[in-house]
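# Sequence below, structure please.
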Amino acid sequence: MPDNIFDGARQNRILAALLPEEYARLADDLEFVSLTAGQTILESGDDLTSVYFPTTCIFSLISSLKDGSSVELAMTGNDGLIGIPLVLGGDTANYRIVVQHAGGAYRLRAELMSWELNQGGNLRRMSLCYTQALMTEMAQSVLCNRHHTVDQQLCRWLLRNLDQIAGMQLDVTQETISNLLGVRREGVTEAACKLQSAGLIQYRRGHITVLDRAGLESRACECYAIVRAEYQRLLRLMAASLATRRARPNPATLRQRAEARLKLTSPATDGSMPWDTAHLLHELQVHQIELEMHNEELRQAYDEADALREKYADLYDFAPVGYFTLDNQGTILQINLAGAILLGIKRSQMGRLRFGAFVKPAFLPEFNAFVDEVLGGKVRNKCEIALMATAQRPEVLVRIEAVADEARRECRIVVVEVAEKGRPRQKAGAKQATGAPRGLDTLQ
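Next up, the predicted model:
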């Protein structure tokens, strides 16, 4: 790994947008590679064993036909990555990937990239945003190649290249441009001569220098402006401060991370120590750091678990409806604050009171049958019953929804007061002609 990895890799805008802890998980596994123009790194259908984060090189995504004709669908520079099928859940390349402009990139093994994507952090978010921008560029390339002149296509292509590199000079031949645009070489030559005559570019074999970028933009079609706007939107997202949950460190890189921490915290030995002793000491130090890192991760996991417990306990306790857990005898095992207020009891009384003691006697058979059906696994999971009056409230009609636990030993219920809607009431003690009493008819 080169010494300037923390500077060089950050030239890629996706890597630069990662939070420090996210980037630190990848830094030791990023491998710098120097690439030459014309080099093919992937053929269509190849397995994706690595992804590439360009810094100073430019890749062309090329689609080819059996007769050898081809066209460039898009280009990827330091604002993107090579390996989008991996981001979308695939494992093979869809296009031929060729180095268009020589330079450097950082390579990451596919399994490590997949791990980091599965953590749901900023790398996945930025990769998906880049995928959307790349799809926009592909769509505009199709439109441009079909509906716009070669002059306009050449201007668009030159400007997209300038967006990816430092400086105003491109090392490329007219034959390469014609292959990428999918047009005849003579058409490119004619278009380049027009731009040179207008003082916009200077061309000599294998080299194009842009003299007037604003002039090129005025001659380009709207496709360039659309693509550029999409990438600028992506860059704004990358520049934003993105909060993220803590992702789990990759256990496969624990040793590497421990080695890196040891280099930062321990001075190098002077070489006077015997090799076997130095090696044993090094292994013990690395093992100690690994244990410390495990302890750090456990502490973070405990902190997160405590925070989640407090969060969901708060949601449970202060919910606006009553939550109860009953055993198969109807005894109240758990109750939230709203439920305790509804019944007029203290939560310290859990385990000593049965829910049925608060149900109006006329509704008790229906309630008991309801609980039995829920614990028996039958489909019925709703009922309406009346609760007896307490010192704090009058008699009230409630709707109960329930579900059994996996072992069918506990019944978890939600109790919600039912608003009266003008339904007639009967006097106390009155019963319906048939069946169990229901609804408001029995309420006073």
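
# What's the separation between Cys129 and Gly45?
Cys129 sits 27 Å away from Gly45, going by Cβ to Cβ, to the nearest Å. The way it works is simple: take the backbone N, C-alpha and C, and place the C-beta from them, glycine included.

# what do you get for Val33?
22 Å.

# The two: which has the busier surroundings?
Neighbours were counted for Val33 and for Gly45 using other Cβ atoms under 10 Å; Val33 has more, 13 against 10.

# Send me the helix or strand harbouring the more buried one as PDB with only the CA atoms.
In this structure, Val33 sits in strand 31-35 according to DSSP states H and E. Output of strand 31-35 as PDB, limited to C-alpha atoms (Å, rounded to 0.1, in the frame of the first residue of the first chain):
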ATOM      1  CA  GLU A  31      -4.700  -1.300  -3.700                       C
ATOM      2  CA  PHE A  32      -3.300   1.400  -6.000                       C
ATOM      3  CA  VAL A  33      -3.000   0.300  -9.700                       C
ATOM      4  CA  SER A  34      -1.400   2.300 -12.600                       C
ATOM      5  CA  LEU A  35      -3.300   1.800 -15.800                       C
END
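
# What residues of it count as buried?
Judged by neighbour count using 16 or more other Cβ atoms under 10 Å, the buried positions of strand 31-35 are Leu35.

# average pLDDT across the following helix or strand past it?
Per DSSP H and E, the first helix or strand lying C-terminal to strand 31-35 is strand 40-42. Averaged across strand 40-42, pLDDT comes to 94.

# helices and strands around strand 40-42, which ones?
Contacts defined by 3 or more Cβ pairs under 8 Å, 6 or more residues apart in numbering; DSSP states H and E place strand 40-42 against strand 96-101.

# Tell me which other helices or strands the strand it packs on touches.
strand 40-42, strand 58-64.

# And for the helix or strand immediately after it in the chain, what's in contact with it?
Going down the chain from strand 96-101, the next helix or strand is strand 103-109, by DSSP H and E. With Cβ atoms under 8 Å, 6 or more residues apart in numbering as the test, strand 103-109 has contacts from 5, 8-9, 12, 15, 26, 29-35, 49-58, 82, 165.

# List the neighbouring strands of strand 103-109 plus their orientation.
Sheet pairing here is set by DSSP bridges, and for strand 103-109 it gives strand 31-35 (antiparallel), strand 50-54 (antiparallel).

# chain center to the last one, what's the gap?
What that stands for is strand 50-54. Computed by Cα atoms, centre = their mean, to the nearest Å, the chain-centroid distance of strand 50-54 equals 19 Å.

# Now do that strand, average pLDDT.
96.

# Which positions in the host helix or strand of Glu259 come out as buried?
In the assignment (DSSP H and E), Glu259 maps to helix 254-265. Neighbour counts over helix 254-265 (16+ other Cβ under 10 Å) mark 254, 257-261 as buried.

# what's the closest of those to Asn328?
Nearest to Asn328 among these is Leu254, at 47.3 Å by Cβ to Cβ.

# And the helix or strand hosting Glu310, what does it pack against?
Assigned by DSSP H and E, Glu310 belongs to helix 275-317. Packing partners of helix 275-317 (3+ Cβ pairs under 8 Å, 6+ apart): helix 254-265.

# Could you tell me the angle between the helix it packs on and helix 275-317?
Counting by axes from the mean of the first three to the mean of the last three Cα atoms, to 10 degrees, helix 254-265 lies at 110 degrees to helix 275-317.

# now helix 254-265: mean pLDDT?
On average, helix 254-265 scores 76.

# gap between it and the chain center?
Chain-centre distance of helix 254-265: 28 Å, with Cα atoms, centre = their mean.

# Identify the residues contacting it?
Residues outside helix 254-265 that contact it (Cβ under 8 Å, 6+ apart): 25, 27-29, 249, 282, 285-287, 289-290, 293.

# which one of the buried residues of helix 254-265 is nearest Gln334?
Leu254 (40.1 Å).

# And the closest one, how far from Glu310?
30 Å.

# again, but for Phe363
According to Cβ to Cβ, Phe363 stands 37 Å off from Glu310.

# try Ala362
Counting by Cβ to Cβ, the gap between Ala362 and Glu310 amounts to 42 Å.

# Same check on Gly376?
Distance of Gly376 to Glu310, given as Cβ to Cβ: 36 Å.

# List the contacts of Glu175.
Residues in contact with Glu175, defined by Cβ under 8 Å, 6+ apart, are Arg185.

# Do you know the pLDDT at it?
At Glu175, the model reports a pLDDT of 88.

# For it, pull up the helix or strand it's in.
Element membership for Glu175, per DSSP H and E: helix 174-181.

# ok, back up a step: and for the strand holding Val33, what's in contact with it?
The contact list for strand 31-35 (Cβ under 8 Å, 6+ apart) reads 1-2, 5, 8-9, 41, 52, 57, 99, 102-108.

# mind listing what's buried in the helix or strand harbouring Ile332?
Using DSSP H and E, the element containing Ile332 is strand 332-335. Across strand 332-335, burial judged by 16+ other Cβ under 10 Å covers 332, 335.

# Please consider this matter closed, and thank you.
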